[in-house]
Each structure stands twice: as structure tokens, then as C-alpha cells.
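Q: 3D model of this:
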Amino acid sequence: FIRGVGESAGRQGGRQARKGHRGAGDYHHTTHNRMGVKNIRVTYTRRHCYRTNSNKIKAVKTPGGRLVGHYLEKRGSVPKCGDCKLALHGIKAVRPAELKRLRQRQKRVSRAYGGSRCASCVRDRIVRAFLIEEQKIVKRVVAQQGAAKKTKSKK
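A: The predicted model follows:
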């Protein structure tokens, strides 16, 4: 069987062979060495062929001497304090899907507002609440003293 004009010679499924078209595994990713000089080309092995944040690869030399691309996972961001935006200590920095699989003790710190606020912000909240309550008590006492003075002046 000889393929005619318009049929793809060498492609499976009879897809059209376009000029300059490469298969999904034929796209190259150029890496750089420490000096910033382009020196090697590594082929993507998955279907996604663009150099995006989710498709990063690292060139690795195998024991057999071949250069292959290892796909890198995205790094998880460190949870941050909701008030001061500083990184929270004692909580793992993982991707959201991995966070779902973690134990509860790895996702929070055993303290009030454990996985949400840092220790200094919690301390500030406690001090602020205490001072507000003290201020209310002082207002009440001053109001009582003022009422007692008014009743004395009327007599």
C-alpha cells in the first residue's frame, strides 16, 4: 500500500503532515549553565510544550551519559500571618493539594489563632482586648462617681 498525495507518510492515524510540524515530544527546552551560556537541549516528554511556570524541567545527566529533563513541581508558599503578613513558623510550605493530605498538627500551631496569626499579633490582640475592657470599667467608675457628685450637690 502506497500513500497518495495529502496522506501523511510516517504518521499514525492518517493525520496530515504539515510542514515544520513536530509531535508533542519533539519540543526542546534550552537550559543554561552557570555562566548563562546556552549549551544543551533537552526534549519535553509530556504533551505540554511551552515553557510556563507549571512546565519547568531541569536537565539531569543519567548514569548512562544521556541528558534528560526532570519535571519540577511548583514550590508551596509559606502560610502568612493575616495581620502583619509575616511567614508563620511551624507550618509546612506545601501546595494546596498536599496541604489537604497533611495531619492537623502539621497545618497549625497549638495556640489560639494557631495557623492564622503569628504569636506577636495574638499577643497584641489579647493586650488590646484587655485594655478595652479596662477602659470600659474606668468609664463605668467615672460615670458612677459623677452621678454620686450630682446627688450630693442636689441635697
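Q: separation between the residue most central in space within the chain and Ala97?
A: Centroid check for the chain by C-alpha atoms, centre = their mean gives Ser77 as the closest residue, at 3.5 Å. As judged by C-beta to C-beta, to the nearest Å, Ser77 and Ala97 stand 13 Å apart. Where you see a C-beta, it was placed from the backbone N, CA and C, and this is true even at glycine.
Q: what does His70 give?
A: 20 Å.
Q: Please apply the same query to Ser120.
A: Applying C-beta to C-beta to Ser120 and Ala97 gives a distance of 31 Å.
Q: Compare neighbour counts for those two and give me the winner.
A: Ranked by neighbour count (other C-beta atoms under 10 Å), Ser120 and Ala97 place Ser120 first, with 12 against 8.
Q: re earlier: mind checking what secondary structure the residue nearest to the centre of the chain has?
A: Here Ser77 takes the coil state, with states given by DSSP: H, G, I helix; E, B strand; the rest coil.
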